[in-house]
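Asker: sequence isn't available, so here's the structure alone:
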């Protein structure tokens with residue numbers, strides 16, 4: 001379960017940070033993973049290596065796009081208001097184990113697959129902006 005919470009936490013934090021940094025800008029600017037992780041501020045709050053893995057999976061899924069070169073980084077490639085937790089799970093940010101009969105934990109893997117299948121609609125209906133508040137209204141506003 002730790003991998004689930006860490007992977008989702010990092011993915012949501014990455015998308016939220018990119019959104020927050022670009023809030024109010026006419027043209028979004030690429031955000032480096034060093035900036036997201038806190039390394040640039042001298043106070044790392046996230047593992048840069050793990051963040052790179054998550055960003056790579058989100059890029060492969062088309063959720064992020066990379067800008068290379070000086071001043072490069074990541075941009076959100078989709079409308080943040082439509083992205084859901086299900087989209088992050090579909091991006092394969094988790095190391096999902098396919099159930100195979102010859103694997104010792106076959107029953108556990110099969111049970112986890114069933115839980116995932118049973119709850120995917122809940123994941124898809126939970127929007128990232130619902131969790132973060134970014135992209136829907138100005139922070140601190142009462143409406």
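Answerer: Good, I have the coordinates. Every value quoted in this text rests on a predicted model; they were computed, and no experiment measured them.
Asker: how far off centre is the helix or strand of the chain with the lowest mean pLDDT?
Answerer: Across the helices and strands of the chain, mean confidence by mean pLDDT, DSSP states H and E is lowest for helix 106-125: a mean of 74. If you compare the mean C-alpha spot of helix 106-125 with that of the full chain, they lie 19 Å apart, counting by Cα atoms, centre = their mean, to the nearest Å.
Asker: how about stretch 13-26?
Answerer: The mean C-alpha position of stretch 13-26 is separated from the chain mean by 13 Å, Cα atoms, centre = their mean.
Asker: quick one: contacts of it?
Answerer: By Cβ atoms under 8 Å, 6 or more residues apart in numbering, the residues outside stretch 13-26 that reach it are 28-29, 31, 33, 35-36, 46, 51, 54-55, 58, 63-64, 74-76, 80, 83, 128, 132, 134-135. C-beta coordinates here come from the backbone N, C-alpha and C atoms, glycine included.
Asker: of the residues you listed, keep whichever come out buried.
Answerer: Neighbour counting by 16 or more other Cβ atoms under 10 Å classes 31, 33, 35-36, 46, 51, 54-55, 58, 63-64, 74, 76, 80, 83, 128, 132, 134-135 among those as buried.
Asker: one step back: which strands or helices does the least confident helix or strand of the chain pack on?
Answerer: Helices and strands touching helix 106-125, as assessed by 3 or more Cβ pairs under 8 Å, 6 or more residues apart in numbering; DSSP states H and E, comprise helix 85-90.
Asker: can you name every helix or strand that the helix it packs on contacts?
Answerer: Where contact means 3+ Cβ pairs under 8 Å, 6+ apart, helix 85-90 is packed against helix 2-22, helix 106-125, helix 128-132.
Asker: so where's the chain shaky on pLDDT?
Answerer: Using pLDDT under 70 as the threshold, the predicted model of the chain has low-confidence ranges 1-5, 93-109, 112, 134-143.
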